[in-house]
Every structure is written in structure tokens, then in C-alpha cells.
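*Asks:* I'd like to go over a predicted model; first the sequence, then the structure.
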Amino acid sequence: MEEEKSNQHTEFHHQNLMISVLSLFFASTKTTSTTLRYGFLLMLKHPHVAEKVQKEIDQVIGSHRQPTVDDRTKMLYTDSVIHEIQRFSDLNTEVYPILSTALHDPQYFEQPDTFNPDHFLDASGALKKNEAFMPFSTVAGGGS
């Protein structure tokens with residue numbers, strides 16, 4: 001930034017920085033709110049999943065404190081539900097690039113057209129990585 005101060009033709013200035021930061025903020029706000037809204041709808045449609053998430057919340061966090069970032073590593077089923085919500089996005093939603101081929105590929109997801117958080121859990125109940133999971137990006141690591 002210091003080097004660019006003397007460059008009169010630079011595109012690196014406060015206004016561009018603010019526009020970039022705001023764009024990132026609003027983009028993440030949209031994806032988060034969409035995930036939450038769709039997640040609530042799926043929980044209503046799949047009450048057995050909602051019950052398991054609630055049970056895990058009660059066991060890990062309880063009712064006497066706020067959740068912390070550290071709780072996420074102890075909430076494997078809830079984390080898998082979040083992954084599954086993002087993978088199982090509305091098939092009528094346009095996503096560019098179109099990632100549904102990877103997110104609904106039977107090679108990576110057993111019963112790809114079924115909402116099933118177990119897609120992201122191994123046999124011991126631990127959260128497992130799935131290379132096909134990239135709900136918002138084709139960039140490596142963009143989906144988790």
C-alpha cells in the first residue's frame with residue numbers, strides 16, 4: 001500500500017478497497033442466509049434429522065451457554081447436516097458454474113437425490129471430506 005501511494009495511476013485506493021470488502025461481505029451474507037433458510041425448510045421436511053441435530057446441540061452446548069467456534073469440532077452430525085444442506089440445494093436454482101453434476105454424482109454420494117447428512121459421516125460417525133463437495137466454488141477448498 002505504501003508503494004502505491006506515489007503511483008498516480010494505481011487502481012489500489014481506498015474506494016476500491018471498500019467496494020471489494022463490501023462485495024465480499026454481501027456475497028457471504030447472501031450465501032449464509034440462503035443456507036439457513038433452505039436448511040430450516042429441510043429440517044421441517046426431515047424432522048428426524050432436526051431431532052438428531054437438537055440432541056447433539058443439547059449434548060455439546062446444553063441450554064446454559066452460547067455456542068463457541070470450538071463446539072464445531074464436537075458437533076459432527078450438525079456439521080454434516082450443514083454440508084448436506086449446501087449439497088442438496090434446490091435443483092431449480094441456477095448456479096454458475098453448474099456444480100450439480102458433482103453434488104449429485106452417485107460416484108460420490110450414495111442416493112444423491114435424497115437429503116441425507118450421513119453423506120458426510122464415515123462409519124464411525126466422524127465428519128469426512130468429500131472432494132466433490134463444493135457448493136459455492138470450483139476453487140480447491142472453496143466449499144468447506
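*Replies:* Everything's here; your move.
*Asks:* use CA for all of it now, contacts and neighbours both
*Replies:* OK.
*Asks:* low-scoring stretches of the protein, by residue?
*Replies:* 1-5, 9-14, 27, 90-100, 134-144 (pLDDT under 70).
*Asks:* What residues sit buried inside the longest helix seen in it?
*Replies:* Determined from DSSP state H, the single longest helix within the chain is helix 14-45. Residues Thr35, Tyr38, Gly39, Leu42, Met43 are the ones in helix 14-45 that count as buried (16 or more other C-alpha atoms under 10 Å).
*Asks:* From the chain's centroid, how far away is it?
*Replies:* Centroid displacement of helix 14-45 relative to its chain, using C-alpha atoms, centre = their mean, to the nearest Å, is 11 Å.
*Asks:* again, but for stretch 55-62
*Replies:* Using C-alpha atoms, centre = their mean, the offset of stretch 55-62 from its chain centre is 21 Å.
*Asks:* Residues in contact with it: which ones?
*Replies:* With contacts defined as C-alpha atoms under 8 Å, 6 or more residues apart in numbering, stretch 55-62 is touched by Pro67, Asp71, Lys74, Met75, Tyr77, Thr78.
*Asks:* if you set the cut-off to 7 Å instead, what comes out?
*Replies:* Pro67, Asp71, Lys74, Met75 (C-alpha atoms under 7 Å, 6 or more residues apart in numbering).
*Asks:* out of the residues you listed, which are inside helices?
*Replies:* Using DSSP H, none of the contacts of stretch 55-62 sit in helices.
*Asks:* out of those residues, which are buried?
*Replies:* Lys74, Met75.
*Asks:* before we move on, back to that, can you name the two of the buried residues of helix 14-45 that sit furthest apart?
*Replies:* Farthest-apart pair in the buried residues of helix 14-45 is Thr35 and Met43; separation 11.9 Å (C-alpha to C-alpha).
*Asks:* Downstream of the longest helix of the chain, the next helix or strand is which one?
*Replies:* Per DSSP states H and E, the first helix or strand lying C-terminal to helix 14-45 is helix 47-60.
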